[in-house]
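**Q** Structure, please.
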Amino acid sequence: MKFLRDRVLKGETMFGVAAQLGSALTVEMIGRAGFDWTWIDCEHGSGDYSELVHQIQVARLGDSPAVVRIAWNEPTRFKRVLDLGAAGIMVPYVNTAEEAHQAAQSMRYQPEGIRGVASSPPACGFGQGFDDYYARANDNLLTVVQIETVEGVENAERIAAVSGVDVLFVGPMDLSINMGIARQFKNADFEANLDRVVGACRKHGKVAGILTPTLDYLAPWKAKGYSFFVVGSDSTGLAKMLVDLHAKCAEMKG
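**A** Numbering: from 1, shown residues only. Now for the predicted structure:
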């Protein structure tokens, strides 16, 4: 399977698109379009485990490895997703170094972590590639923790210092709401919190990531030091296309 941690940690600008509809077909579209990675959303997305099997399978066989956002920071969720062949996991709502440490532990086999071992899952080639996968997994799976609250920002340096955490990924919507300034992404205090996360990442050799509400934010946030991006989604992209298409058709009705 293809990993992407090395590219991310080298600071390469990485663009991903969210797969939120639970469809393996949109995962295939994301890969065929040439994006660096696919963000399969199992927190707010529509799919469940039965859909995730096929979504990760498509991503695993393509060129846009899957990073799966799980619903919560629970070890059992990590095991099932990683065994399917995800190249990384994103953990929502990480507020403390202790929570970040739990996530890093759940990503790794013993002795570095607490992930259970099985040779039969898809990630291991159904047993045919277990030795190679087992030898590489701890060093190559990407661990992404989300910073979505003021508490998370205040603890950003401690979170970034946790061994095994690779990316601190800001959720702009949740963070702005938690700050009491919903969707005010150009607010000076919001901008200062974005800078604080980047500073923590730079101090500890980690990577700053973020979801861009629109592409207008891409260039300025990249200039701040963010390099791991989600730049769109199948759900909102399709919905906007249909609204725009309907508006053009409505004009033709006179």
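**Q** ok, Gly138 - contacts?
**A** Actually, residue 138 is Asn. It isn't Gly. Residues in contact with Asn138 (Cβ atoms under 8 Å, 6 or more residues apart in numbering) are 107-109, 112-113. (C-beta placed from N, C-alpha, C; glycine too.)
**Q** those strands in the stretch 51-200 of the chain, which residues are they?
**A** Here the stretch 51-200 of the chain has its strands, by DSSP state E, counting those that start in this stretch, at 66-69, 88-91, 142-147, 167-170.
**Q** Out of those, which gets nearest to Leu242?
**A** Taking Cβ to Cβ, strand 66-69 is the member of the strands of the stretch 51-200 of the chain nearest to Leu242, at 24.8 Å.
**Q** picking up where we left off before, could you dump the strands of the stretch 51-200 of the chain into CSV and include mean neighbour count, mean pLDDT and distance to Ala182?
**A** Below are the strands of the stretch 51-200 of the chain laid out as CSV (neighbours: other Cβ atoms under 10 Å; pLDDT from 0 to 100; distance: least, Cβ to Cβ, whole Å):
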stretch, mean neighbour count, mean pLDDT, distance to Ala182
strand 66-69, 28, 98, 21
strand 88-91, 26, 98, 22
strand 142-147, 26, 98, 17
strand 167-170, 26, 99, 15
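**Q** Take the ones you listed and lay them out in CSV including distance to Arg196.
**A** Listed next are the strands of the stretch 51-200 of the chain as CSV, based on distance: least, Cβ to Cβ, whole Å:
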stretch, distance to Arg196
strand 66-69, 23
strand 88-91, 20
strand 142-147, 9
strand 167-170, 10
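**Q** what's the closest of these to Val153?
**A** Nearest to Val153 among the strands of the stretch 51-200 of the chain is strand 142-147 (6.0 Å), distances taken as Cβ to Cβ.
**Q** Geometrically speaking, which residue is the centre of this protein?
**A** The chain has Met90 as the residue nearest its centroid, 4.5 Å off, counting by Cα atoms, centre = their mean.
**Q** Run through the bridge partners of that residue.
**A** Arg69, Val144 (DSSP bridges).
**Q** which ones are touching it?
**A** 39, 67-70, 144-146, 169.
**Q** Could you rerun that using 10 Å?
**A** Met90 makes contact with 39-43, 67-70, 103, 142-146, 167, 169, 171, 209, 230 under the criterion Cβ atoms under 10 Å, 6 or more residues apart in numbering.
**Q** Please go through this protein and pick out the longest helix.
**A** Longest helix of the chain, by residue count under DSSP state H: helix 234-253.
**Q** quick one: the residue lying closest to Cys201 once chain neighbours are set aside from Gln102, how far?
**A** Spatial nearest neighbour of Cys201, chain neighbours left out: Ala208 (4.5 Å); criterion: Cβ to Cβ, 6 or more residues apart in numbering. Look at Ala208 and Gln102: by Cβ to Cβ, to the nearest Å, they are 21 Å apart.
**Q** So which of these two has more stuff around it?
**A** Ala208 (26 against 20; other Cβ atoms under 10 Å).
**Q** a strand runs through that one, doesn't it?
**A** Yes - according to DSSP: H, G, I helix; E, B strand; the rest coil, Ala208 belongs to a strand.
**Q** Identify the bridge partners of it.
**A** Going by DSSP bridges, Ala208 forms beta bridges with Leu168.
**Q** hang on, isn't it packed against Ile159?
**A** No - between Ala208 and Ile159 there is no contact under Cβ atoms under 10 Å: 11.8 Å.
**Q** shared neighbours, those two?
**A** Common neighbours of Ala208 and Ile159, using Cβ under 10 Å, 6+ apart, are 147, 168, 197, 200-201.
**Q** what two of those residues are the furthest from one another?
**A** Maximum distance among the shared contacts of Ala208 and Ile159 (Cβ to Cβ): 10.1 Å, for Ile147 and Cys201.
**Q** joint contacts of the two?
**A** By Cβ under 10 Å, 6+ apart, the residues touching both Ile147 and Cys201 are 156, 159-160, 168, 208-209.
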